[in-house]
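Engineer: Build me a model from this:
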Amino acid sequence: MPMDYDWIVVGSGFGGSVSALRLAEKGYRVAILESGRRFRDEDFAKSTWNLRRFLWAPALGLRGILRMTTFRDIFIASGAGVGGGSLVYANTLYRAKPAFFANPQWPGSVDWARELAPHYDTAERMLGATPVSHASDGQDLLREMADEFGVPETFTRTSCAVYFGEPGVTVPDPFFGGEGPERTGCLRCGACMVGCRTGAKNTLVKNYLWLAERKGVEIIPDTEVTDIRPLGAADGADGYSLAARRPGAWWRRNGRTFTAKGVVVAAGALGTNKLLAGCRLRGSLPALSERLGHLVRTNSESLLAVTLPDDRLAPWKDVAISASFHPRPDTHIEFVTYGRHGDFMSGLATLLVGNGTRLTRPLRLLGNIVRHPVRFAKVTWPFGWGRRTLIILVMQSLDNAIRFRARPAWFGGGARLSTEQDAGRPNPTYIEAGNRAALWLAKRTGGIAQSMVMEALANIPSTAHILGGAVIGRDASTGVVDSWNRAFGYRNLLVCDGSAVPANPGVNPSLTITALAEHAMSGVPEKAAP
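Structural biologist: Got it, this is the predicted structure:
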């Protein structure tokens with residue numbers, strides 16, 4: 001049977017973009033099916049209040065770059081659009097902690113730190129990793145915090161996927177010998193996660209996807225894959241059929257079918273888990289490992305915030321994340337800003353509460369509101385929040401997890417996901433180092449410390465880095481894919497995104513996802529001559 005393509009890549013985030021470019025370089029005909037829309041730099045929202053261009057909720061007519069999903073055990077922020085998470089991430093490129101590579105989930109006797117080292121090198125070059133060289137008010141405060149924690153030597157400026165040329169000046173491609181797009185120097189406006197309208201942020205649209213399209217890769221946006229099933233041989237040796245539709249449409253869903261000899265699933269940890277679970281439930285891919293949905297990682301994260309009392313400091317005049325430190329070897333703290341037009345995000349925060357349960361934490365919040373009504377009024381008032389607020393992002397390399405449990409969807413087939421804690425290693429709902437950091441910063445600046453609303457009201461922590469669920473393992477009894485990201489039980493079916501990551505990196509994971517995808521693609525042979 002003639003196929004539409006040699007390979008179809010589902011999703012255009014870090015894993016999908018790497019896969020598309022490398023497969024095209026090997027001579028294959030490749031298409032990317034992406035549920036989100038395309039954005040030019042000028043298409044991004046100027047302010048987070050422009051919900052149509054900022055938030056992703058297509059059934060409500062919102063087709064932006066930020067997807068927010070709430071489960072019983074975790075609140076997830078993730079990306080949407082051509083370029084996936086790179087459109088909304090904070091540009092931060094760190095290599096994973098040593099504990100990540102020592103996790104027993106990794107298969108075989110391979111030294112994975114050494115195995116991935118050259119692919120980290122490639123990922124850093126392709127993503128344009130550049131050390132932050134400028135100073136900022138946020139960095140000064142974070143350096144003081146590191147001193148307060150007794151670990152000043154751990155303070156460091158980040159490596160960022162940003163073009164730090166002359167601010168506002170557009171130049172020919174500085175990264176790929178003239179083969180990439182023009183770039184404009186960073187203005188340090190802090191709006192990296194709202195969508196960079198300057199053209200300074202090294203999104204995947206400006207590296208992997210740019211080069212992939214010039215190799216003949218076809219990117220088809222506004223196309224959500226709903227099913228994958230083998231054609232002919234049950235193991236996919238004869239190829240696959242993919243069903244797709246326009247996401248969020250109430251009618252005229254424009255259902256389409258695509259065929260390919262091979263499929264790379266790279267829809268992000270949330271999208272990949274949902275898609276594969278639906279395929280397993282309906283019998284399209286019945287041989288997928290029963291471990292699908294297990295070992296879902298949150299990067300062991302906690303998010304807090306402190307709003308400063310006035311404008312004497314300007315924490316927004318920076319890139320989204322420009323520095324970090326380690327209060328303990330397994331814990332990593334960064335300051336984050338959405339820029340001065342990030343006020344909508346204030347709705348995710350409320351007064352700080354300490355440790356507790358689903359019962360006691362809401363009561364603590366109520367008590368804080370009664371005792372501090374003026375503070376509550378100030379954090380509830382959104383205007384000015386973006387320019388005065390530092391978000392505190394805490395990440396850990398500890399071995400904890402939750403699970404995605406799949407059930408048939410109520411409407412339209414597929415799967416609906418719910419969560420439950422891993423019985424042996426539950427995900428934390430409170431991290432003491434984060435609370436201590438927020439309290440110190442509030443005292444130091446005279447600001448107001450805040451917890452995320454879902455954590456305060458329902459004991460549900462937040463993460464911007466959901467991982468796992470289709471993890472690498474030694475066989476189908478321990479994982480969903482092998483050490484080359486090939487799905488157990490199938491031929492030419494790969495999973496190349498955050499869902500394959502087997503442990504908590506303890507740092508921003510985008511570079512690690514990219515390196516793992518580079519490793520997986522290095523194992524795919526060149527296209528055979530006809």
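
Engineer: From Phe14, how far off is Val481?
Structural biologist: Computed as Cβ to Cβ, to the nearest Å, the Val481 to Phe14 distance reads 16 Å. The way it works is simple: take the backbone N, C-alpha and C, and place the C-beta from them, glycine included.

Engineer: Would you mark the buried spots in the longest strand seen in the chain?
Structural biologist: Criterion DSSP state E: the longest strand present in the chain is strand 256-265. Neighbour-count burial for strand 256-265 flags Phe258, Ala260, Lys261, Gly262, Val263, Val264, Val265 (criterion: 16 or more other Cβ atoms under 10 Å).

Engineer: got it, and stretch 317-337?
Structural biologist: Quick answer for stretch 317-337 (16+ other Cβ under 10 Å): 317-327, 330-337.

Engineer: Mind listing the strands the host helix or strand of Ala449 pairs with, and their directions?
Structural biologist: Assigned by DSSP states H and E, Ala449 belongs to strand 448-452. For strand 448-452, the paired strands and their directions (DSSP bridges) are strand 302-307 (antiparallel), strand 349-351 (antiparallel).

Engineer: Make a markdown table from those and add mean pLDDT and distance to Ala277 to it.
Structural biologist: A markdown table is the format used below for the strands paired with strand 448-452 (pLDDT from 0 to 100; distance: least, Cβ to Cβ, whole Å):
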| stretch | mean pLDDT | distance to Ala277 |
| --- | --- | --- |
| strand 302-307 | 98 | 27 |
| strand 349-351 | 98 | 32 |
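
Engineer: any chance of those strands in JSON lines, plus distance to Trp106 and mean neighbour count?
Structural biologist: Shown next, in JSON lines, are those (distance: least, Cβ to Cβ, whole Å; neighbours: other Cβ atoms under 10 Å):
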{"stretch": "strand 302-307", "distance to Trp106": "26", "mean neighbour count": "26"}
{"stretch": "strand 349-351", "distance to Trp106": "36", "mean neighbour count": "24"}
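
Engineer: Tell me which of these sits nearest to Arg436.
Structural biologist: strand 302-307 (10.1 Å; Cβ to Cβ).

Engineer: Following the closest one in sequence, what is the next regular element?
Structural biologist: Next element after strand 302-307 (DSSP H and E): strand 323-328.

Engineer: Just want the angle from the following helix or strand past that next one to strand 302-307.
Structural biologist: Where DSSP H and E defines the elements, the next helix or strand beyond strand 323-328 is strand 331-336. Angle, strand 331-336 to strand 302-307, by axes from the mean of the first three to the mean of the last three Cα atoms, to 10 degrees: 40 degrees.

Engineer: ok, strand 331-336: who's next to it in the sheet?
Structural biologist: Partners of strand 331-336 in its sheet, by DSSP bridges: strand 323-328 (antiparallel), strand 389-396 (antiparallel).

Engineer: For the ones you listed, please prepare CSV with the additional fields mean pLDDT.
Structural biologist: Putting those into CSV (pLDDT from 0 to 100) gives the following:
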stretch, mean pLDDT
strand 323-328, 98
strand 389-396, 98
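
Engineer: so can I have CSV of those strands showing distance to Val353?
Structural biologist: As requested, the strands paired with strand 331-336 are arranged in CSV below (distance: least, Cβ to Cβ, whole Å):
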stretch, distance to Val353
strand 323-328, 20
strand 389-396, 15
